[in-house]
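Visitor: the sequence and its predicted three-dimensional model are supplied below.
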Amino acid sequence: MAHWTKFEKETDAEARKLIKHFSGIEDEEDPNFQTALKFVWSNFRFHRFLDVNSHKVLRSIDGIHEKLMIHSDLSKAESWRRLTDEFLNLPLPNTEGTKTDAHYGILALMLFLSDSPSNTTYIEKPRLKEPEKEDTFDWAKYLMEGEDIDTGPFPDTPEWSEEESEEEDSQQPISREDSGIQLDKTPQEEQEQSNKSVPLTWTVGEPDARTWLEQHVVAPYWVPHSSRFPHSLHLHSNLLNVWDQHLYNTDPLYFPEEKAFVTETQVIRETLWLLSGVKKLFIFQHHEGKVTVRNDVVVTHLTNNCLRSVLEHIASYGQAVFRLQRFIDEVTGYSAEPSLPSLSTSSAPCKKGSEPPFRTYQAFVWALYKYFSTFKEELTSIEKDLIGKDETVTLSMVLDRLTPHLAQIKVLHRVFCTGVADVPPGTPNVLRASHLLNTLYKAIIEYDNVGEASEQAVALLFSLWVETVRPYLEIVDEWIVHGHLFDPAKEFIIQRNKDVPVNHRDFWYATYTLYSVSEAVEGEEKLSDAASGSSGGEQAASRGQHTMVSFLKPVLKQIIMAGKSMQLLKNLNHKEAEQNDQSARDAERKSLYTLFLESVQSRLRRGEDSPGDAVSEQHATKRSLIKMQSIVTRHLEQHDIHDPLLAINFARLYLEQNDFHEKFCGVDMMLDRSSESVTCQTFELTLRSCLYPHIQRRYVECCGNLMTTLKKDYRLLGYLQAMRNYFLLEAGDTMYDFYTAIFDKVLEKESWQQLSFLNVQLQEAVGQRHPEDSSRLSIFLETLDPARKKQPINNLDGLTLSYKVPWPVDIVISSECQKIYSQVFLLLLQIKWAKYSLDTLRFSDLTVAAQKHEGGIPEDNTANREPIRQQIHRMFLLRVKLMHFVNSLHNYIMTRILHSTGLEFQHQVQEAKDLDQLIKIHYRYLSTIHDRCLLREKVSFVKEAIMKVLNLVLIFSDRWQAGIGAWKIESIDKMESDFKNCHMFLVTILNKAVCRGSFPHLESLALSLMAGFEQC
């Protein structure tokens, strides 16, 4: 065992312990013990297990790192990568070298033992490295012990040190090779250094004044044939001459052109002046709105092509600055107020005869002005550093310093070109304003989707959007708070139609115009009724594919409803008493724009007040994420979806929703998103949490007040009930007195179509029980086409009931609604007429008439008497069949349709949140009863069959009252045949409709008619 390594010795000792533990043999000399030891060592040395695969381990490490990145666990991913790399590059106690099989074996063992590293909560603990102990042992004394050192004749002389020589070398001038300028000692530079060492002041009249000026004033490099400045003769400072000499030697046709030499400092200063907005420059020239670079400008240490490529890059940004600055000057030049100080000198003169710019453009210009103020401060700081000459300033250093600003200018110029410059002249202000806001909105979303790489661009665009949207939010605030849509420049997407007053019955539908545009056509589309929010307006808005201002689209309906409701409230009588307190309340109220800014600021500052709780908040967020992930996983498994990555991403998405647990488990839960900012999440979420709640809150308040006012002060529910009482005959006793008087006139063969008679009967019937409605109800007779009077049932067609609805209730109960009420009223009147005609028939009338008829027949003619009794019996049977049909139809209409639908309508009216929703509910209710009463054109054939039966009832009633001898026996056959055909037709049609499931409400009528159907 002398040749064994330390590792093998330790392995042998551990193997012996292992054998003793499992076998229980303590004597190592035992033959069984030796056999077991040989077996163990044989397995150690000649095992069948493969060595660790380092490539497989690395792939596993990379896979876990990639998975952590996909799950957005950036901190865990960074820790995982760094710790594994550190472990592989550290030596092990018993192993020499790094990244050995032992390293990979330990990592493979840890990977096998790990359980879902990506789902484990991990926080790296800081590890303090032990400081290396300083070696305090005096090695010099130890090594020199016993040696005689000759200190020389000067033992006090200090020893020579290499550090001092390095310090002396560092005092030598350093060459600035990054800019190509070499600080070689030339007479001119020595003279400048001597001038710097002695500060000079110049006073007019002194003899050396001209000399001082010649030394300190910039040489006029912009003058043709100006004298060349002295410069170093170093190779780096004469790269242009070297390149020209190379071209001259290689190209026989090369001819050197005249050049204007400038220094790099002069190029930097003109670059700063160009970006500051200066137009008269030497290197950069303006021609027809474009910035170009002179061809003959060169520097000694750069080639012409290299310098030109850099300057053209700068010129493109300078042109963008000039376009933006010109737009600022044009807009500020229109203002009646004094222009901004920095823009007053370059502002364009006010154009006579043209309209001033609208407020959205002014707000956009103000945002641009604030940005350029900070940008010019940065340019001024660079120029001060250049003038001070305390540090080396090169063109590449200036461009590196301005790179973030130049990227922002590029973004601003792109937004300006798309949102302002590309809009054709003559475009209405509403299109200009909405297009600019949409451009900013889409740009924010586009850059925000990139992530942290475009964080500065999103911050810039968001601040620009917040300033530009201010006029729109002020217009919305004025409208939904005071009911006044103040938009003198007509830049808002909703415009007031001044031809319709507030107290007009069409106020809710025709007062406002919503402008919409389709992006596919880019043409203006005017939707005159879209602002009402009614069903017709929504259909029209759906035809226009995109509302022009995208950020208002989720709350556009709420804005319209709140604005119109507030304007209506302002014009109602009950608001006059509250006008005195309005000014005091308005002074304390914060505007919508102020509330929006405060919400945004609080959202962005969330988490900054308590930085010490960041770790605990991260723990809480991760616990919430795990809990949500488990909930989402259960919901996904219900649909046979087993995807943990999808579940965790859904959980992260639902973290943004305040109502997550209300939707999934019904438990309120407060989520703290203190680590988020506007650049780390979608822009729509910022609007949803900072702007939309304020508009929604105002919408609920305004519409709730209007609904309460209409229901309590203007008896809206009472008028709706009155319409059902009189038009739908819910006031049965009152309307019974009215229509029975008409039916009695018809039975007595008297004329009832007199307007005075009808109105008197109506007033008497209504005045007894509802005197408040007697003055509002009236009846009219319309002249009908004589062709429509062929059937007796059509004699009622000209009867029209009218109810005067006051303002503002007539917004809900419009004239169109009354037409539908009148159609249902006419149908009910016809059914009531048929039912009344059958109910008033007496058996005695028919038997008495039959006896009189039999009295005229001789007694011996018994053959003729028997058919008369059969005729009476058949008339009795037919009457019962007709009564069953009419009663079934009457019960279906009055109970299954009007009563049940009316109960649903009353419940929905109580739940209505705004007036537009109430209008939709009322219109849907009328459409339902209109369709279910078979008045729709699509089922007109069913109504015609019913009308035939009702007409048959009236004919049957006339013949019953005329008696047996007044008509022939064949008429009974015809009536029975007609009724049977109509009955069979209706039963067949209704059964098919019920079986198909298209008209479930007809099932009761079909069953009732089927019960009275007699098959032949």
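Guide: Great, that's in hand.
Visitor: tell me which element Lys280 falls in.
Guide: Assigned by DSSP states H and E, Lys280 belongs to no helix or strand.
Visitor: ok, it to Trp273 distance?
Guide: Lys280 sits 9 Å away from Trp273, going by C-beta to C-beta, to the nearest Å. C-beta coordinates here come from the backbone N, C-alpha and C atoms, glycine included.
Visitor: these two: which has the busier surroundings?
Guide: Trp273 (18 against 9; other C-beta atoms under 10 Å).
Visitor: check which helix or strand the more buried one maps to.
Guide: helix 264-276.
Visitor: okay, that helix in PDB with CA atoms only?
Guide: Extracted C-alpha coordinates of helix 264-276, given in PDB (Å, rounded to 0.1, in the frame of the first residue of the first chain):
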ATOM      1  CA  GLU A 264     -11.500  68.900 -35.300                       C
ATOM      2  CA  THR A 265     -12.500  71.500 -32.700                       C
ATOM      3  CA  GLN A 266     -14.200  73.600 -35.400                       C
ATOM      4  CA  VAL A 267     -16.000  70.500 -36.700                       C
ATOM      5  CA  ILE A 268     -17.300  69.800 -33.200                       C
ATOM      6  CA  ARG A 269     -18.500  73.400 -32.600                       C
ATOM      7  CA  GLU A 270     -20.300  73.500 -35.900                       C
ATOM      8  CA  THR A 271     -21.900  70.200 -35.100                       C
ATOM      9  CA  LEU A 272     -23.100  71.600 -31.800                       C
ATOM     10  CA  TRP A 273     -24.400  74.700 -33.600                       C
ATOM     11  CA  LEU A 274     -26.200  72.600 -36.200                       C
ATOM     12  CA  LEU A 275     -28.000  70.600 -33.500                       C
ATOM     13  CA  SER A 276     -28.800  73.800 -31.700                       C
END
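Visitor: who touches that helix?
Guide: Applying C-beta atoms under 8 Å, 6 or more residues apart in numbering, the contact partners of helix 264-276 are 179-181, 218, 221, 281-284, 291, 299, 301, 307, 311, 314-315, 317-318, 321, 375-376, 379, 382-383, 386, 393-395, 398, 402.
Visitor: could you pull out the strands for this protein?
Guide: Taking DSSP state E to define them, one finds strands in the chain at 260-261, 284-287, 290-293, 297-298, 494-496, 512-518, 523-527, 546-547, 777-781, 799-803.
Visitor: now mean neighbour count and mean pLDDT too, for those, in CSV please.
Guide: Output for these, formatted as CSV (neighbours: other C-beta atoms under 10 Å; pLDDT from 0 to 100):
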stretch, mean neighbour count, mean pLDDT
strand 260-261, 18, 80
strand 284-287, 15, 85
strand 290-293, 16, 88
strand 297-298, 20, 83
strand 494-496, 20, 83
strand 512-518, 21, 67
strand 523-527, 14, 38
strand 546-547, 16, 45
strand 777-781, 15, 86
strand 799-803, 18, 88
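Visitor: who are the neighbours in contact with Ala13?
Guide: Neighbouring residues of Ala13 by C-beta under 8 Å, 6+ apart: there are none.
Visitor: now do it against Lys20, distance only.
Guide: Following C-beta to C-beta, the distance that separates Ala13 from Lys20 is 11 Å.
Visitor: again, but for Gln721
Guide: 100 Å.
Visitor: give the buried residues for stretch 491-508.
Guide: Neighbour-count burial for stretch 491-508 flags 491-496, 500, 504-508 (criterion: 16 or more other C-beta atoms under 10 Å).
Visitor: over to stretch 888-897?
Guide: By 16+ other C-beta under 10 Å, the buried positions in stretch 888-897 come out as 888-889, 892-894, 896-897.
Visitor: gap between that stretch and the chain center?
Guide: Averaging C-alpha positions (C-alpha atoms, centre = their mean, to the nearest Å) puts stretch 888-897 48 Å from its chain's average.
Visitor: avg pLDDT for that stretch?
Guide: The average pLDDT within stretch 888-897 is 85.
Visitor: over to stretch 626-644?
Guide: The pLDDT scores in stretch 626-644 average 76.
Visitor: could the strands of the chain be laid out in a markdown table, adding distance to His65?
Guide: Formatted as a markdown table, the strands of the chain follow (distance: least, C-beta to C-beta, whole Å):
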| stretch | distance to His65 |
| --- | --- |
| strand 260-261 | 55 |
| strand 284-287 | 49 |
| strand 290-293 | 48 |
| strand 297-298 | 51 |
| strand 494-496 | 53 |
| strand 512-518 | 47 |
| strand 523-527 | 52 |
| strand 546-547 | 42 |
| strand 777-781 | 82 |
| strand 799-803 | 77 |
